[in-house]
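Asks: 3D, please:
(2 chains)
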Number of protein chains: 2
Amino acid sequence: MNYPQTTDTLLEARWIVPVEPAGAVLRDHAIVIDQGRIRAIMPSAEARAQFAPRERIVLGHHALIPGLINLHTHAAMSLMRGMADDLALMEWLNNHIWPAETGCVDTRFVFDGTRLACAEMLRAGITCFNDMYFFPEAAVEAVLASGMRATIGMIAIDFPTAYASDADDYLAKGLALRDAYNAHPLLSFCFAPHAPFTVSDKVFTRILTYAEQLDCRIHIHLHETDDEIGNSLKAHGVRPIERLLKLGLLGPNLIAVHMIHLTDDEIGLIAQQGCTVAHCPSSNLKLAGGFAPINSFLCAGINVGLGTDGAASNNRLDMFGEMRLAALLAKGQSGRADTLPAWQALQMATLNGARALGLDGLTGSLLAGKAADITAVDFSGLELTPCYDPVSHLVYAAGREHVSHVWVDGKMLLNEGELTTLEEQELLLKAEFWRQQLEAGQRDRRMDDQGNGK
Amino acid sequence: MNYPQTTDTLLEARWIVPVEPAGAVLRDHAIVIDQGRIRAIMPSAEARAQFAPRERIVLGHHALIPGLINLHTHAAMSLMRGMADDLALMEWLNNHIWPAETGCVDTRFVFDGTRLACAEMLRAGITCFNDMYFFPEAAVEAVLASGMRATIGMIAIDFPTAYASDADDYLAKGLALRDAYNAHPLLSFCFAPHAPFTVSDKVFTRILTYAEQLDCRIHIHLHETDDEIGNSLKAHGVRPIERLLKLGLLGPNLIAVHMIHLTDDEIGLIAQQGCTVAHCPSSNLKLAGGFAPINSFLCAGINVGLGTDGAASNNRLDMFGEMRLAALLAKGQSGRADTLPAWQALQMATLNGARALGLDGLTGSLLAGKAADITAVDFSGLELTPCYDPVSHLVYAAGREHVSHVWVDGKMLLNEGELTTLEEQELLLKAEFWRQQLEAGQRDRRMDDQGNGK
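Replies: Got it, this is the predicted structure:
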């Protein structure tokens, strides 16, 4: 006879939705976890016979899904959540966000804000995020404190900030950070040139050279507003996508965020070049950018992931909300209710995000050999009752409020809704401190404006 | 000196957002409740000096808002939540919902399903709903069991069901129910002709006569799909709105649900006639009806409330989700981020719904003299931290998961997230029973179809 094999954890659940293969639902199965990896997925009864786990967890009313991947955020901006709403993008940036950043943002702000975001994301079932913000060294510290997986943006922008004086300085700091942390199993790095209207051709060209040498992704806001396109036509004689094409930036390494206003030719070009789209439906609507042509992207075979954007423009770091909204908008836009079905929305929020980041060998689906990045959703409440189809419920009925447990690399970071690595009370106190700082800064600016007769 | 006056309850909170006046936020105020009514709203310190309450409740991290009003639902359909998704409206109705209803729906189904819906709605801060479904006598029993406020639809539809044999039978049963319960302080009744494509001119005319005699509202699905409009043109030579105009049904008593496809002239007509629109954005997108022109309705001065629709087509009875989605869609459609600001979305979900139902003297805002229909939202969690503006957070950051307490007519129906009138475990068992019944019915129909060579 065969003796049971030792393993770290046996995680049994009512359902497992592995995302690969697409649409599959495994009933009464278990995930065998060892040394942070998924060793096997099999019927619970077989797993119990075959393995002697050090820890056995039975989630009798739950669905296990791959940890959600937030493909676009500015995590530290959680400290600016709701600071300025119901405003157009450029007014929001010029009169509220950028002045606030100038006044307050430093490494302490980014460390506290990113930890707040990590806490919110973990409670919402997100295990990995793609971040773009100043002082990324502080974001790295926050991510390590949380135990999450992240891709950290090496940000570049043409104007000086408290973080860096010019594009050379931004890139030098980003690259030094990457050198220091790129070997960490939970961290990866990408270039994050902010947007076509804030980065020069020269800097794009340098970034492209580095990205090719280092095999790095490039993460950029692209075609978010009509203004951006109009300004590019004035300044460069071409629309931003054509400008990036000429510079050589379009390709499988490009993660293009928002992508609201595109011609059919541009959609064909993005597909042909193999770029990923990071779709942020809540942010696109809230800042009135508009409706990204997601159905056309999907029909063209473009890889589409989902992002929350920062909490200053969403205001929830809630990928359940983004899944649901993406699926609903796609139906409304197409006039066909079978557009973007539930399984596909879940795939966008998991595997497609992992592909975009080059992490699909490691995360984004529940397969033997991948890291144990797992989210458990508790179906016992009356909001998810009755249940005919758990995949439908995950997208259309469930919310982040139903997430009970989260594992990253096999480590439990959320246990029955409680964070295991981050201290909620400390984060609340820090957030209140920064709120007072930001509001004091707003008051000071108003007084300066009055003094200057504005 | 003045002695403190006795009163039932003193409810103190960090913030009160009364909805009237629009945009107001009261800090550290209290609601004085007596005999189910709001007696006064004043600073907490003054209230403590002036009143000797039998019960004092201090919600130090919470915002109190008027109980949310769900202006369109089919509550009992919660038992069909997620039974058939990603399908077009007529396929969904003809091949899934209507056959299931024929097989299963009776008074027990409606009693259990409506209680499940009431439980979900209470946990989501909803205190009043406008219902349209078969066997409304069972919905009445469920509402009374829950302690909620409701407007019950006297449904009429041209085809026979297990509930009634023909339009005369539907109306007779509805009117008898109204006679028996109309005096109940938590109940009101309206006529609920299902839709233009399921109700004949003759029946509309009878309903209009009754509605005028009894001063009743009329609740109808209207202009939900292009098919509905095309079929009306074929059958009646006019679009549904024009048909209802000719029949005399347009007017301040009409609650028109969905209203997606309208010409500018029709919008003007709806405004001129004083009809209410019940906007159900999740349902409209999920069934691919499209995008209702809410900005045009608001510009025309039309009263717009919000509804979830039934859980078979949404699949959440979540007015926080509908508020957020309505505000986001309006910005995306208009291209202006200042469209439908947070305070207005909250007004749509409360006062505008009350106005539509003719209940704005009683509920829909927190004013002295109105019923104590109150929802408390707990702002202590990190998802609502930091907080610069509680009204922004209520719409853009909060979710139903932050609702902690609910009162209807001064009675606490939700206490720290726990239902006080309904038994959650019993509802879960009942829902599971009905799921098995519905799935057995689906299997039987499939076998019949195979037997008939379909």
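Asks: contacts for stretch A:227-238, please.
Replies: A:89, A:90, A:195, A:196, A:197, A:201, A:223, A:239, A:240, A:243, A:246, A:261 (C-beta atoms under 8 Å, 6 or more residues apart in numbering or on different chains). (Each C-beta comes from the backbone N, C-alpha and C, glycine too.)
Asks: what's the nearest residue to the fourth one if we skip its chain neighbours?
Replies: Of all residues not flanking residue A:196 in the chain, residue A:240 sits nearest, at 3.9 Å (C-beta to C-beta, 6 or more residues apart in numbering or on different chains).
Asks: where does the prediction get shaky in the stretch 51-200 of chain A?
Replies: Across the stretch 51-200 of chain A, nothing is flagged by pLDDT under 70.
Asks: re earlier: so the residue nearest to residue A:196 sits against residue A:225, correct?
Replies: No - if you go by C-beta atoms under 8 Å, residue A:240 and residue A:225 don't touch, sitting 10.5 Å apart.
Asks: rewinding a little: just the buried subset of the contacts of stretch A:227-238, please.
Replies: When those are checked for burial by 16 or more other C-beta atoms under 10 Å in any protein chain shown, the buried set is A:89, A:195, A:196, A:197, A:223, A:239, A:240, A:243, A:261.
Asks: for the stretch 251-400 of chain A, which segments count as strands?
Replies: With DSSP state E, counting those that start in this stretch as the criterion, the stretch 251-400 of chain A has strands at A:254-258, A:276-279, A:303-306, A:374-378.
Asks: for these, which one ends up most surrounded?
Replies: strand A:276-279 (a mean of 28; mean count of other C-beta atoms under 10 Å in any protein chain shown).
Asks: grab the CA positions of that one and hand them over as CSV.
Replies: Taking C-alpha atoms only, strand A:276-279 is exported to CSV below (Å, rounded to 0.1, in the frame of the first residue of the first chain):
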residue,chain,number,x,y,z
THR,A,276,-2.6,44.3,-23.3
VAL,A,277,-5.4,46.6,-22.3
ALA,A,278,-5.9,47.4,-18.6
HIS,A,279,-9.7,48.2,-18.5
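Asks: just put the contacts of stretch A:227-238 in CSV and tack on secondary structure and distance to residue A:51.
Replies: Shown next, in CSV, are the contacts of stretch A:227-238 (DSSP: H, G, I helix; E, B strand; the rest coil; distance: C-beta to C-beta, whole Å):
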residue, secondary structure, distance to residue A:51
A:89, helix, 53
A:90, helix, 57
A:195, coil, 50
A:196, coil, 53
A:197, coil, 55
A:201, helix, 57
A:223, coil, 50
A:239, coil, 56
A:240, helix, 53
A:243, helix, 55
A:246, helix, 56
A:261, coil, 53
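Asks: which of those residues lies closest to chain B?
Replies: residue A:89 (7.1 Å; C-beta to the nearest C-beta).
Asks: what residues are up against the closest one?
Replies: Per C-beta under 8 Å, 6+ apart, neighbours of residue A:89: A:224, A:225, A:227, A:287, A:288, A:289, B:337.
Asks: please pick the buried ones from these.
Replies: Using 16+ other C-beta under 10 Å, the buried ones in the contacts of residue A:89 are A:224, A:225, A:287, A:288, A:289, B:337.
Asks: neighbours of the closest residue to the fifth one other than its chain neighbours, how many?
Replies: To tie it back to what came earlier, the one meant is residue A:289. Closest residue in space to residue A:289, ignoring its immediate chain neighbours: residue A:260 at 4.8 Å, by C-beta to C-beta, 6+ apart. Residue A:260 is flanked by 21 other residues according to other C-beta atoms under 10 Å in any protein chain shown.
Asks: residue A:260 contacts residue A:291, correct?
Replies: Yes - using C-beta under 8 Å, residue A:260 is in contact with residue A:291, at 7.0 Å.
Asks: tell me the mean pLDDT for the helix ranked longest in chain A?
Replies: If you go by DSSP state H, chain A has its longest helix at helix A:424-451. Helix A:424-451 shows an average pLDDT of 88 in the prediction.
Asks: which helices and strands sit right next to it?
Replies: Secondary-structure packing of helix A:424-451 (3 or more C-beta pairs under 8 Å, 6 or more residues apart in numbering or on different chains; DSSP states H and E): helix A:98-104, helix A:107-123.
Asks: angle of that helix against helix A:107-123?
Replies: Taking axes from the mean of the first three to the mean of the last three C-alpha atoms, to 10 degrees, one finds helix A:424-451 and helix A:107-123 inclined to each other by 130 degrees.
Asks: how about helix A:424-451: buried residues?
Replies: A:424, A:427, A:428, A:430, A:431, A:434, A:435, A:438, A:441, A:442, A:445.
Asks: which of the three states applies to residue A:62?
Replies: strand (DSSP: H, G, I helix; E, B strand; the rest coil).
Asks: thought it was touching residue A:381?
Replies: No - using C-beta under 8 Å, residue A:62 makes no contact with residue A:381, being 11.2 Å away.
Asks: give me the more crowded residue out of those two.
Replies: When neighbours are counted by other C-beta under 10 Å, residue A:62 and residue A:381 differ, and residue A:62 comes out ahead with 25 against 16.
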